[in-house]
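>>> Any chance you could fold what I've pasted below:
(one chain, ligands or ions: 1)
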Amino acid sequence: APAAPSAGLVGRLFGTAPAKPEEPRRALDDEMLEELEDMLVQADLGVDTALRVTANIAEGRMGRRLSATELKELLATEIARIMTPVARPLPLYPKKPQVVLVVGVNGAGKTTTIGKLASQFRAAGKSVMIAAGDTFRAAAVEQLQIWGQRAGVPVMVAAQGSDPASLAFDAMTRAEAEGADLLMIDTAGRLQNRQDLMEELAKIVRVIRKKDPTAPHNTLLVLDATTGQNALNQVETFRQLADVSGLVMTKLDGTARGGVLVALADRFGLPIHAIGVGEQIDDLDAFDANDFARALVG
Ligand code: GDP
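Below you'll find the predicted structure:
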């Protein structure tokens, strides 16, 4: 490297750039692995996944002296390896309308995500319709209408408290008649009454299958990153209520780094279609395994 301009003649000859201080190194031993495990559990990876990740890092490396940079690199690589198979955008089918059922607990970000997705599909030249299937929550219907306006997409609504399945049926009829590419159906997220919700979702699926036996083509579960480990329970629960085909994780713009996604990928292997990174219409990103791993490791 060229010497600094202030270097004297001799300095120029020998090079005066101070040697970079060596990064401290630590031997990879049981103690370090245990600390690493704790750190990963705290980052919401869950015990099973944390153990698997540390075991993979340990393999063939015990006793080796690692710098923080090297350890970060190993960790990021290991996490990216788990996440790469699940990083898959929402698949688009030639089927018209492609029916996307959106499920998740209240507040997870279903409405917002539907609005963002609608906007992206519109931008990609698709015609989109939305059905406000959470007919009990007037506020949810209103929010969805606002998102529909923002995205330039029609929102089908029904009288408050009316049967969501009949709304879904009407929405299918209209989407077919108008040749819409996509129909996104919002659903209720009242987990307090699981039995009710299960029946409601099953009925929606039943009636749309009368129109198209292959529908719904996707059942998206929307999860809130700030709920941490709770996301695991939500996936367990919603998989019993509906045939969940993929995930969207919202609110990754805050302090939550979404470590639970690693546990989810490791345990369920469900595709992660997108991540929410804010409250605005463009704040929905594709899920990138490498970017995610690097951000998580920090
Ligand atoms: P729903 O009850 O599942 O339909 O949830 P909403 O879509 O109404 O979202 C609940 C709250 O979370 C709203 O205040 C949204 O603005 C907010 N929200 C949704 N997605 C994101 C996100 O990716 N980042 C942030 N910061 N807020 C979000």
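>>> For the residue of the stretch 151-298 of the chain found nearest the ligand, give me the pLDDT.
Distances from the stretch 151-298 of the chain to the ligand, computed as C-beta to the nearest ligand atom, single out residue 276 as the nearest residue at 2.4 Å. (Each C-beta comes from the backbone N, C-alpha and C, glycine too.) Residue-level confidence at residue 276 comes out at 98, pLDDT.
>>> Please apply the same query to residue 193.
On the pLDDT scale, residue 193 gets 85.
>>> how close does it get to residue 45?
Here the criterion is C-beta to C-beta, to the nearest Å. By it, residue 193 lies 32 Å from residue 45.
>>> And for residue 117?
Residue 117 sits at a distance of 28 Å from residue 45 (criterion: C-beta to C-beta).
>>> and if you look at residue 154?
When C-beta to C-beta is applied, the distance between residue 154 and residue 45 equals 42 Å.
>>> And residue 265, by the same measure?
Distance of residue 265 to residue 45, computed by C-beta to C-beta: 10 Å.
>>> try residue 61
19 Å.
>>> So these two - more neighbours on which side?
Neighbours per residue (other C-beta atoms under 10 Å) separate residue 61 from residue 45, with residue 45 holding more: 27 against 14.
>>> Now that one: phi and psi?
Dihedral angles of residue 45 (phi, psi; degrees, to the nearest 10) stand at phi -80, psi -20.
>>> what do you get for residue 185?
phi -110, psi 120.
>>> just checking, it touches residue 98?
No. The pair residue 185 / residue 98 is not scored as a contact, 11.4 Å apart, by C-beta atoms under 8 Å.
>>> the more surrounded of the two?
Legend: neighbour count by other C-beta under 10 Å for residue 185 and residue 98, higher for residue 185 (29 against 25).
>>> ok, and the closest non-adjacent residue to that one?
The shortest distance from residue 185 to any residue other than its chain neighbours is 4.5 Å, reached at residue 131 (C-beta to C-beta, 6 or more residues apart in numbering).
>>> Just read off the phi/psi values of that neighbour.
Taking degrees, to the nearest 10, you get phi -110, psi 130 for the backbone angles of residue 131.
>>> ok, now how distant is it from the ligand?
For residue 131, the distance to the ligand (C-beta to the nearest ligand atom, to the nearest Å) stands at 14 Å.
>>> That residue and residue 187 touch, don't they?
No. Using C-beta under 8 Å as the test, residue 131 is too far from residue 187 to be in contact (9.3 Å).
>>> Can you tell me the element residue 40 falls in?
helix 30-42 (DSSP states H and E).
>>> mind listing what's buried in the helix or strand just after that helix?
The first helix or strand that comes after helix 30-42 along the chain, using DSSP H and E, is helix 47-58. Judged by neighbour count using 16 or more other C-beta atoms under 10 Å, the buried positions of helix 47-58 are 49-50, 52-54, 56-58.
>>> And stretch 271-291, by the same measure?
Buried residues in stretch 271-291, counted by 16+ other C-beta under 10 Å: 271-278, 283-285, 287-289.
>>> quick one: low-confidence ranges for this protein?
Within the chain, the ranges that satisfy pLDDT under 70 run 1-19.
>>> Residues of it that sit close to the ligand?
By C-beta under 6 Å from any ligand atom, the residues of the chain that approach the ligand are 104, 106-112, 140, 143, 189, 250-251, 253-254, 276-279, 283.
>>> Filter the residues you listed down to the buried ones and express that as a PyMOL selection.
Selecting in PyMOL just the buried members of the residues of the chain next to the ligand, where the criterion is 16+ other C-beta under 10 Å, is done with this command:
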select buried, resi 104+108+109+110+111+112+140+143+189+250+251+276+277+278+283
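>>> Could you list which of the residues of the chain next to the ligand belong to strands?
By the criterion of DSSP state E, membership of those in strands covers 250, 276.
>>> Please flag which of the residues of the chain next to the ligand sit within helices.
In helices, defined here by DSSP state H, the members of those are 110-112, 140, 143.
>>> Name all residues that make contact with the residue nearest to residue 185.
155-156, 167-168, 171, 183-186 (C-beta atoms under 8 Å, 6 or more residues apart in numbering).
>>> related to what we said a few turns ago, what separates the residue of the stretch 151-298 of the chain closest to the ligand from residue 59, distance-wise?
To residue 59, residue 276 is 35 Å away according to C-beta to C-beta.
>>> and what of residue 249?
29 Å.
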